[in-house]
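> Give me coordinates for this.
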Amino acid sequence: MSALSKMLRAKRKRLGITTREVTENGGPNRSYVCNLENATSNSENLTIKTIKQLAKGLGLSGVAIYKAAARTVKAN
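Numbers count the residues shown, from 1 in each chain. Have a look, this model is predicted:
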C-alpha cells in the first residue's frame, strides 16, 4: 500500500466516514477515492483539482496530500 493510500484511508477512518461521504463533502467521485485508497489509481496523475477535492472531502491540506503522493512516486 502506498503512502498516499495509507494516509487517505487512515484520515477517512478517523473521521468515521465512507468514501461516498468524502464525495459528498466535496471530494472526487467515490470510485476514484476507492481506487486511490486501494492503490489501483496512479498517484503520479493527480491533478491540482483532484488534490483540492481530496483536501476538501477529508479536511486535509492540499500540501499533505501532495507530499504523500510525492513519497509514493519516489518509492516506486
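> can you list the weak-confidence ranges in the chain?
Residue ranges of the chain with pLDDT under 70: 76.
> Now do the strands in it.
Taking DSSP state E, the chain contains no strands at all.
> In it, what residue spans correspond to helices?
Ranges of helices within the chain are 3-15, 19-24, 30-37, 48-58, 62-75, based on DSSP state H.
> Need the contact partners of the fourth one.
If you take Cβ atoms under 8 Å, 6 or more residues apart in numbering as the criterion, helix 48-58 is touched by 8, 11-12, 15, 22-23, 25-28, 32-33, 36, 60-62, 64-66, 69. All C-beta spots, glycine's among them, are computed from the backbone N, C-alpha and C.
> swap in the shortest one?
With Cβ under 8 Å, 6+ apart as the contact definition, helix 19-24 has outside contacts at 12, 29, 30, 33, 34, 37, 54, 57, 58.
> that older thread, return the members of the contacts of helix 48-58 classed as buried.
Buried residues within the contacts of helix 48-58, counting neighbours by 16 or more other Cβ atoms under 10 Å: 8, 11-12, 22-23, 27-28, 32-33, 36, 60, 65-66, 69.
> And the furthest pair within those?
23 and 66 (20.2 Å; Cβ to Cβ).
> who's in contact with residue 73?
Residue 73 makes contacts with 43, 44, as judged by Cβ under 8 Å, 6+ apart.
> ok, now how distant is the closest residue to residue 8 other than its chain neighbours from residue 23?
Distances taken as Cβ to Cβ, 6 or more residues apart in numbering place residue 37 nearest to residue 8, at 5.3 Å, with adjacent residues excluded. Residue 37 is 13 Å from residue 23, where distance means Cβ to Cβ, to the nearest Å.
> same question, residue 47
Residue 47 is 16 Å from residue 23, by Cβ to Cβ.
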